[in-house]
Every structure is written in C-alpha cells, then in structure tokens.
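Peer 1: Return a 3D structure for these sequence lines:
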Amino acid sequence: MELIIDKKILMDVLDKIAKVIPAKPAIASTGGILLEAKKDGITLTATDLQLTLKLFLECTVKDKTDVLIPGKKIISLIREIPEEKVKIATGESGIVIEDKNFQYKFLIMDINDYPKLPSDKDFAGDENTLNISSEVFQEMITRTAYCINPDEPRIYFRGVLIDLRDGHLNMVATDTRRLSLVRKPMQTGKKMKLILPQRLLEVLPSIVKEGEMTISFTKNQIRFQTDRVTLISQLLEGEFPDYMKVIPPSEKLSSATIEAKQLLSSLERLVLLSSDTFNSVKMSFRRDMLVLNIESPQLGTGEEKLKIQYSGPDATIIFNPVYFIQFLKTVPQETVTFSFADPLKPARLNGTGADDYIYVVMPIKP
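Peer 2: Below is the predicted model of the structure:
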C-alpha cells in the first residue's frame, strides 16, 4: 500500500479518530487505528469498545491492504510534519511515513487481535432507522446534556433519553433536581426509546457537524451514519422514568415573563458571591418586578431588581442560580416564561410562546 495525501485533510480525520482511541487501552489492539486501503480511498477505524468510529477519506491508493497501525504515536508524528503532503506506505515489517528529508518506520500491530466490530447486518431493518439533520440533533444535545449527572448511581440518569413517539422526537435529561425536555416534530409513525451515554454526546457533535444523518439502533447499540462517517455507541441500560409526570402544567401555575439576557446577566453577577458551601439566590416576585438576592456568609450580599411582566400574588422562591444560567444560555427566545406554584414545588421555564424546549427545576427549601 502507498498513498500521498494532503496533511491538513488527513489531520482533520485523525483529530476525530483521536477522540475515540483510549488513553490507556484495556486491550492493547484498541490503541491502534485500523487502516483499510481500497481503490478509491482509505477507511480509518478506532474503538474503545464503547464507541467505534469509522471515517472514509478519498485518495489515490496503490494496492489494497488492511493494517493495524499504532494510534497516538502516528497521529502525534503527522501533526508535527512541516510538509503539506504526507506519504504513507507499508513495508516488509511495518508502516513507513516519509518525505525527501525524513523517514519514520513504525511496527504494525497484529490485525487478528483487533476486536470484532458491529456490521451493517447488525443494524438491518427499516423500522429501526431514522433520518435527521445533524444540526438539529446537536441543538437537542446542547439543550439537554447539561442536566446529566455522571456520578448518579442509577445508570439511566447518566445519559439522555431519546423517545420517538406520537410524531415527535423527544430528548430528555435529568439529574433529579432539574429536567430538560426538547421536542422536535417528525413525520413518522416509528417508535424509539433509547438512553444515550454521556461520552457519545461529548464526541458526536465534533465528528458529525453538518448534513443529514441516519440513526439506526438495536437493543444495545446505536449508529449514526453519513456518507463518510459511521459512529457506533453502546446504549445505557435501564428504564427511564416517566418524564411527563414531572412537568407541571402551566395553566395551574403563576407565570412571569422576563427578558432572558437581563436575567442571565443579573444571575452571572450574583453568582460571583456564591461558594462551594453556599450557592442559592432568593427570587422575590412582586407586581411587574423581580428582586434577586444573595447573602453569602463568607463573601457578602448582592441585590438586583428587574422589570418583568407579572400580576400574580407576591412570592419568594430560592434556587440554585447555576441551574438557571445553564438554561438561559441555551434558550433561543428573547423572553422566558417563568411558571411556579409555591416555594416547595418545581418551577417550569420555557421560551415565551414556545413549548419545544421545557425546563423544570426544583427550588431549595428555605
């Protein structure tokens, strides 16, 4: 095998591959990159046994060969090569990376030791597939993944639920103190209910950045596929709780309309007075006014007043300000509707006039 390829194009692919190669492989072979040379290009594969990534790179190749090459070391070397083109070839005992001014030889790894990877047959069946814009899916991840608690002992809370039903794709995450729900209409009668692990959600947006992608799934795995990219992940086990029961109906709540940027700015200033042991802001609702207070025994006090639209009874509720900041940074509308019942019951937030992104947060007991 021999190929000459633009370094920048190759590094773009290798940077993605590096996200999947384990730092300390449990199986030595998973520290390698499976390189499959074909007539029209090469396929690079990496796996940590939880995630598997395959990337196709179009290039001119002499001789079709499959080899398992050292992962991190070769990526580091190619990154440091000053030339614009990289020549890669297989020799008698290894892989050669060279130019007129340098030559590096790496011993190849035993390809027979590489784990058996999922095949197309594992994901066969139209009933288990869904087409969706990668931009839309990434937006849904952004608005839910911050609610994951990776240290939660119940494994099904360490990821996000995707629930396709009733013509909507719902994505939900919760750490039991707050919950985020994003809903997108889908013209399909198919059903899907899977829990995606946090690691997949961290890697996917940087690998599949744009265009249409196909989601396929089995009982234990999910696959995201485009023309040149295949990303497969194990799923989390367990039964995600009925999230709809957690969302308070807005018609039974008092509601205030607040400018999102104003509220975000105020909370980001007030949170400067918080600490690891004290992290709460008192929110006092008055007619057309919201008073925000923080009183830190270690650092001092702060107060801000905001003009809002509110005509309900006076109410004071205490919240963790970080929970609000994370929501306000991801809501697209200029104003948010803040709905609540009393100081001990969960509050509901959403962009004013929109129900495709709902956020529920528990207050802190006075």
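
Peer 1: Contacts made by the lowest-mean-pLDDT helix or strand in the chain with the rest, please.
Peer 2: Counting by mean pLDDT, DSSP states H and E, the chain has its least confident helix or strand at strand 61-62, which shows a mean of 88. Contacts of strand 61-62 from elsewhere in the structure, counted by CB atoms under 8 Å, 6 or more residues apart in numbering, are M1, E2, L3, A37, K38, K39, D40, G41, I42. In this view, the C-beta of every residue, glycine as well, is placed from N, C-alpha and C.

Peer 1: That strand pairs with which strands?
Peer 2: Sheet pairing for strand 61-62, assigned by DSSP bridges, gives strand 2-6 (antiparallel).

Peer 1: Next secondary structure after the partner strand?
Peer 2: The C-terminal neighbour of strand 2-6 among helices and strands, as given by DSSP states H and E, is helix 7-18.

Peer 1: Mind giving me the packing neighbours of the helix or strand following that following helix?
Peer 2: Scanning forward in sequence from helix 7-18 by DSSP H and E, the next helix or strand is strand 32-38. Counting by 3 or more CB pairs under 8 Å, 6 or more residues apart in numbering; DSSP states H and E, the packing neighbours recorded for strand 32-38 are strand 41-47, strand 66-70, helix 71-80.

Peer 1: Please point out which parts of strand 32-38 sit buried.
Peer 2: Buried residues in strand 32-38, counting neighbours by 16 or more other CB atoms under 10 Å, are found at G32, I33, L34, L35, E36, A37.

Peer 1: show me where pLDDT drops low in the stretch 51-200 of the chain?
Peer 2: Nowhere does the stretch 51-200 of the chain drop to pLDDT under 70.

Peer 1: In it, what residue spans correspond to helices?
Peer 2: Applying DSSP state H, counting those that start in this stretch to the stretch 51-200 of the chain gives helices spanning 71-80, 134-142, 198-207.

Peer 1: so which of those gets nearest L349?
Peer 2: Comparison of these against L349 by CB to CB identifies helix 134-142 as nearest, at 16.1 Å.

Peer 1: Check the offset of the closest one from the chain's centre.
Peer 2: Its chain's C-alpha centre and that of helix 134-142 lie 8 Å apart, by CA atoms, centre = their mean, to the nearest Å.

Peer 1: Summarise which helices and strands that helix is packed against.
Peer 2: So helix 134-142, by 3+ CB pairs under 8 Å, 6+ apart, packs with strand 168-174, strand 178-185, helix 198-207, strand 212-217.

Peer 1: For these, please prepare a markdown table with the additional fields mean neighbour count and distance to N128.
Peer 2: Formatted as a markdown table, the helices and strands packed on helix 134-142 follow (neighbours: other CB atoms under 10 Å; distance: least, CB to CB, whole Å):
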| stretch | mean neighbour count | distance to N128 |
| --- | --- | --- |
| strand 168-174 | 22 | 15 |
| strand 178-185 | 21 | 19 |
| helix 198-207 | 18 | 17 |
| strand 212-217 | 18 | 5 |
